[in-house]
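[1] just to be clear, the model below is a prediction. Sequence and coordinates:
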Protein chains: 2
Amino acid sequence: MPREIDRRAARTRKALHQALMTLMLRKGYEALSVQDIIDEADIGRSTFYAHYTGKEDLLRSGFQMLRQELKEAQSAVRAEAEASHDDPLGFSTAMFEHAARYADHYRTMIGGRGGAVAENEIRLILSEVVRQELSSTLHGDAIPRDFVVQFIVGAFLTTLNWWFERKPKLSPSQVDAMFRSLMLDGLSPMIGDERRPADHRAASRD
Amino acid sequence: MPREIDRRAARTRKALHQALMTLMLRKGYEALSVQDIIDEADIGRSTFYAHYTGKEDLLRSGFQMLRQELKEAQSAVRAEAEASHDDPLGFSTAMFEHAARYADHYRTMIGGRGGAVAENEIRLILSEVVRQELSSTLHGDAIPRDFVVQFIVGAFLTTLNWWFERKPKLSPSQVDAMFRSLMLDGLSPMIGDERRPADHRAASRD
DNA sequence: TATGATAATGGACACCTTGTCCGGAATTTT
DNA sequence: AAAATTCCGGACAAGGTGTCCATTATCATA
C-alpha cells in the first residue's frame, strides 16, 4: 500500500553508492571504471546503466542527499544562533564539526581525490550556503560580493584539505579558530616587527 | 658538432604541446584522449609514445618550463624590490600581471579545466614560491606556517579563477588590490562590527 | 498465495582508447 | 653520400563503454 520505491531498486542504488565511496577512498575517482564499481557492488552491468548514465551521474546523485542535509543543518544552526548577524563565518564551526564526524566521506571527495566533478559540486553547494550566510552582514562595495563568496569557499576547502592531510589530530575547534583568524583578520597580525605580539587565539602546537 | 637535439624531435614536442594547449582550452583536460592530441598535432601514434608515456606525462613536461620561468621571475622581483621584508604578498602583483599577459595559458590550466594533475602541479610550484617569500616575514606560532602557505596559494588560485571567469575586464592591479585587501586585513573591515544596517551599497551586482 | 508488474541478470554486440611492436620511409647529422 | 636518427602507419591485444535482449528473480498487491 505504501507508494514507495521498489526495494530492489533501492538496494541496487545503495550498493552502487557504497561501492563508489569505497573505491574512491581506495583509488580516487578518476582512476575508477564503471567496471570496477559494478564488480565491487556485485551488480550487473546492464543494471547499472538502467539507473545511471555513467559514473559521473552516480557521483552527482550522491550530492543531492548531501545538499539536502547541509541545507537543513544550515537552517538549524541559523535558528539556533541568530548571532550570525555580525559574523559572516558563523557557519564555519558547524561545518568543521560536521566534517570531523564524516571525515571519511569528506576525505573521499576533497583534495583532488574526488576529481573535478566532486570538487565543482562541493563548491556549488558551499557557495549557496555562504552566499545566504553573508547576505546581510557585508557592507561596502570595494570588493564584489561574488568574489568574497568564492574566496571564503576556497579558503574553507583549503583548510579542510590541509587539516585532513597534515594535521588530522587537530580538533574541529582548533582548526576553526585558525580558519577564522585568517579569514577575519588576515595576515596582518602575523607580520611586521615583533614588538606587537598578536593575540594568541588559536592554541596549537605541532 | 653542436650537441643539440634533433630538430625533428623538437618539432614533434612543440607540436604536441601546442595541440595539448589548444585542445585543453576547447574541451578541458579530462575529456581529452591521446588520439585527439595526435590528431590535432598531426603526429603518428607511435611517435607520441616515443616521447611521452601518456597525456599526463605530456602535461607535466609543460610545467617544467613554467617552473623555471616562475623561479626566474621571482628572483627578478626579489632583487628589484627588497621591500618584501614586511610584505608576505610581495609576489602577488607580479603574479597577476604575469597571469594577465599569459591569460590563455592560465585559463587553460585553472578552474578544473586542467584537471587534478594541472591543479596539483600548479599548487606545488606556487607553494615553493610562497614558502620562500614568507620565510622571514611571519612570526608567531599560533598558525602553522605550512597552513598559511596553502592558504595563500589557494586564495591566489581562487582569485585568478574568479578574475578570468567573471571579471576578465579588470586590470591586474585592481584584482591585486582586492586580493591583498582580503588576504592582509581579512573580512573584518567589511563587517558591520557595530550592528549598523549596511548602507545599501550601490553598484555591486554579482 | 497467486499473478501481473517490475527489476536484475548475463551475455553478446559494435565501438573506442590504450600501449606496444614492427618494417619501411623520411629527415637530419656527419 | 652515408650513417644515424626519427617518423610513420598499420596492426595488435587488452580493456572499457554503452546498448540490446531473452531469461530469471523479486516485488507489490489483490
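    Received the coordinates, thanks. Residues are numbered from 1 along each chain as shown, chains lettered A, B, ... in the order given.

[2] who are the packing partners of the helix or strand bottoming out on mean pLDDT in chain A?
    Lowest on mean pLDDT, DSSP states H and E among the helices and strands of chain A sits helix A:55-80, with a mean of 82. When contacts are defined as 3 or more Cβ pairs under 8 Å, 6 or more residues apart in numbering or on different chains; DSSP states H and E, helix A:55-80 sits against helix A:7-27, helix A:34-41, helix A:92-101, helix A:115-133. C-beta here means a position set from N, CA and C on the backbone, and glycine is covered the same way.

[3] which residues does A:Ala116 contact?
    When contacts are counted by Cβ atoms under 8 Å, 6 or more residues apart in numbering or on different chains, A:Ala116 touches B:30, B:112, B:115-116.

[4] could you list the low-confidence segments of chain A?
    Low-confidence segments of chain A, defined by pLDDT under 70: A:1-4, A:77-86, A:192-206.

[5] center of it - which residue?
    A:Ile122 (5.7 Å; Cα atoms, centre = their mean).

[6] how about the contacts made by that residue?
    Contacts were defined as Cβ under 8 Å, 6+ apart; by that measure A:Ile122 touches A:63, A:109-110, A:114, A:157.

[7] next, count neighbours for the residue nearest to A:Ser33 when sequence neighbours are not counted.
    Nearest non-adjacent residue to A:Ser33, counting by Cβ to Cβ, 6 or more residues apart in numbering or on different chains: A:Lys55, 7.7 Å away. A count of nearby residues for A:Lys55, using other Cβ atoms under 10 Å in any protein chain shown, gives 23.

[8] up against DNA strand C, what does chain A have?
    Neighbours of DNA strand C within chain A, by Cβ under 7 Å from any atom of the strand: A:6, A:8-9, A:11-12, A:42-47, A:50-51.

[9] just the buried ones from those residues, in ChimeraX syntax?
    Buried subset of these, written as a ChimeraX selection, criterion 16 or more other Cβ atoms under 10 Å in any protein chain shown:
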select /A:12,43
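
[10] which of the residues of chain A next to DNA strand C are close to DNA strand D?
    Filtered for proximity to DNA strand D (Cβ under 7 Å from any atom of the strand), these shrink to A:6, A:8, A:45-46.

[11] which one of the contacts of A:Ile122 has the most neighbours?
    Using other Cβ under 10 Å as the neighbour criterion, A:Met109 leads these with 25 neighbours.

[12] which residue, other than its chain neighbours, is closest to it?
    Counting by Cβ to Cβ, 6+ apart, the residue nearest A:Met109 is A:Ala118, at 4.5 Å.

[13] give me the neighbour count for the one you found.
    A:Ala118 sits with 22 neighbouring residues when counted by other Cβ under 10 Å.

[14] and what of A:Asp57?
    Using other Cβ under 10 Å, A:Asp57 has 12 neighbouring residues.

[15] would you mind measuring from it to A:Phe179?
    Using Cβ to Cβ, to the nearest Å, A:Asp57 is found at 33 Å from A:Phe179.

[16] residue contacts, the residue nearest to A:Met109?
    Counting by Cβ under 8 Å, 6+ apart, A:Ala118 touches A:29, A:59, A:63, A:109-110.

[17] export those to TSV and tack on distance to A:Ala142?
    Listed next are those as TSV, based on distance: Cβ to Cβ, whole Å:
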residue	distance to A:Ala142
A:Tyr29	38
A:Leu59	38
A:Phe63	34
A:Met109	34
A:Ile110	31
